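**Q** Give me a 3D structure for the following:
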Amino acid sequence: MTEAVTIWHNPACGTSRNTLAMIRAAGIEPTVVEYLTAPPSRDDLTKAIAAAGLTPREAAREKGTPFAELGLGDLSVTDDAILDAMLAHPILINRPFVFASRGVRLCRPSELVLQILPAPLADDFTKEDGEVVKAGPAS
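**A** Purely as a prediction, here's the structure:
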């Protein structure tokens, strides 16, 4: 029986594509949720951020998003307001989040996924930019 792994994925993101490819290279076919078209509920988003050990601010994406124009960089903006913005603009949810029985990670860099996969990479993995991630025992 294969362990269930889920990824909140954005196919336009290289880090997300590399993470998905590493999961598959470990012999796992994950559930892929394209969160920009199927955004999480507030409860699921809140739980994912907490399970990854992050705050909403740490889980927010700034680059290529309305982060600055919404004023989210102001430190007086509350976690609830950041969550509201993420739900209104899912592009603000940093990616990819990966869920496995060994934990939840915001996989930036993509090799953080190896910390929670049930199986190690069988072979070295070459990321899109040419960087090699060495195969080895599961963390």
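
**Q** what about the closest residue to Ala52 other than its chain neighbours, distance to Ala50?
**A** The shortest distance from Ala52 to any non-neighbouring residue, by Cβ to Cβ, 6 or more residues apart in numbering, is to Val104 (4.7 Å). Yep, even glycine has a C-beta here, placed from its N, CA and C like the rest. According to Cβ to Cβ, to the nearest Å, Val104 stands 9 Å off from Ala50.

**Q** Tell me which of the two has more neighbours.
**A** Set Val104 next to Ala50 and count neighbours by other Cβ atoms under 10 Å: Val104 wins out with 19 against 13.

**Q** And the helix or strand harbouring the more buried one, what's buried?
**A** Following DSSP states H and E, one finds Val104 within strand 103-106. If you call a residue buried by 16 or more other Cβ atoms under 10 Å, then strand 103-106 has these buried ones: Val104, Arg105, Leu106.

**Q** and that strand, which strands flank it?
**A** Paired neighbours of strand 103-106 in the sheet (DSSP bridges): strand 97-100 (antiparallel).

**Q** as a whole number, average confidence for the strand it pairs with?
**A** Per-region confidence: strand 97-100 scores 97 on mean pLDDT.

**Q** chain center to it: distance?
**A** The gap between where strand 97-100 is centred and where its chain is centred comes out at 7 Å by Cα atoms, centre = their mean, to the nearest Å.
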